[in-house]
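> got a predicted model here, sequence first, then my questions.
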Amino acid sequence: MKTVCAFVCLLVAVAAQEFIHPEELEALSWYQSPEHLRYRRQLKADPKTGDVTYTHKTSDSGQLFGTLGSRGDAAFGKAGYKQNIFDDNRGKLDATGYGSHVISPYGSSNHLGGRVDYTGDHTKASLDVSKQLHGMTSLEAAAGARWPIGKNGDISLEGTYNRMGPFQDYGARAGLNYRF
């Protein structure tokens, strides 16, 4: 619990710091140019819930994210990193690693997890694995495809699998859609 609280505090402290490129420190007049003084902070507050959200783009294909908030008597913090692996003619593949900490009068809980999402021209698939520390592991997998039939119809096939500890659930669905 202390580690997660320290991580959340570190994330907030880093978000509040001023960032200056090393090459800018060498110039004597770096402080005179307003575009180099400070980069915009990417903190947002939701007026309805009061949650504070942070997003920071680390590269063209990656970003850090985090949220601090509360619901009723419970307070929570979520943080993670999302990376786009590829986005080309093969489709789009995104990977996400995340963690959360919840404090409530009934105790606290920590979750760690990872998610992979694939989207193609006619297919979608996702896999999410998460673990509650000192608790159960949860697995969610889903996949679906759609094949066009002429210009007014398509056939679709979908499947899901969920597991939380010893409990399992699965499903499948097939469909034919034709617009007259």
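Alright, I've got the coordinates. The structure presented is a predicted model; accordingly, all values stated were derived computationally and were not measured.

> thought Q63 was touching Y81?
Yes: counting by CB atoms under 8 Å, Q63 does reach Y81; the two are 7.4 Å apart. The C-beta positions use only the backbone N, C-alpha and C, and glycine is treated the same way.

> what segments of the chain are strands?
43-45, 52-57, 62-71, 74-88, 91-104, 107-119, 123-132, 137-149, 153-164, 167-178 (DSSP state E).

> apart from its neighbours in sequence, what residue is nearest S61?
Of all residues not flanking S61 in the chain, N84 sits nearest, at 3.9 Å (CB to CB, 6 or more residues apart in numbering).

> what of S130?
G113 (3.0 Å).

> G114 and Q63, how far apart?
Separation of G114 from Q63 (CB to CB, to the nearest Å) stands at 16 Å.

> just N84 next, same as before
9 Å.

> looking at the two, which one has more neighbours?
Between N84 and Q63, Q63 has the larger neighbour count (other CB atoms under 10 Å), namely 17 against 14.

> show me the shaky parts of this structure.
1-2, 4-41 (pLDDT under 70).

> what about 80?
In the predicted model of the chain, residues 1-42 satisfy pLDDT under 80.

> gap between stretch 134-141 and the chain center?
Centroid separation for stretch 134-141 versus its chain: 17 Å, with CA atoms, centre = their mean, to the nearest Å.

> likewise for stretch 74-84?
That offset, for stretch 74-84, works out to 7 Å (CA atoms, centre = their mean).
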